[in-house]
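> Provide a 3D model corresponding to the input given below.
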Amino acid sequence: SALDRGAPFATELDTFAAIAPDAPELAALRSYAEKGVPTRATIASEAEAAANAMVEAAKPVDQNAGFFQSLVSSAESLVKVRPV
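Predicted structure coming up:
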């Protein structure tokens, strides 16, 4: 379906609205109908990236680190190397 693909679903929503014009879900769905909603894979990917960013942000900063070590730590927080 259009929802599973993340595709626009205005036609499907119009059909639903014709059948159930007073459905409370219509207003909330209208804002997504033209562009579609993110797929589960997209949401999972964005959640993983957000979780990684939170973990990195939560790491304590060594106040006694020198300039070079601080620079390396900053670079490590920007670049993530993972096996493929």
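> Quick one: the helices in the protein, in order.
Ranges of helices in the chain, per DSSP state H, are 2-5, 10-19, 25-33, 40-58, 67-78.
> chain center to the fourth one: distance?
What that stands for is helix 40-58. Relative to the chain's own centre, helix 40-58 is displaced by 8 Å; criterion: Cα atoms, centre = their mean, to the nearest Å.
> Please give me every residue in contact with residue 65.
Counting by Cβ atoms under 8 Å, 6 or more residues apart in numbering, residue 65 touches residue 73. For every residue, glycine as well, the C-beta is placed using N, CA and C.
> List phi and psi for it.
Here is the backbone geometry of residue 65 (degrees, to the nearest 10): phi -70, psi 150.
> Residue 8 now?
phi -60, psi 150.
> which non-adjacent residue is nearest it?
Excluding its sequence neighbours, the residue lying closest to residue 8 (Cβ to Cβ, 6 or more residues apart in numbering) is residue 36, at 4.8 Å.
> circling back: I'd like the helices of the chain as TSV, with mean pLDDT and mean neighbour count appended.
TSV is the format used below for the helices of the chain (pLDDT from 0 to 100; neighbours: other Cβ atoms under 10 Å):
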stretch	mean pLDDT	mean neighbour count
helix 2-5	72	12
helix 10-19	95	13
helix 25-33	92	13
helix 40-58	85	10
helix 67-78	74	10
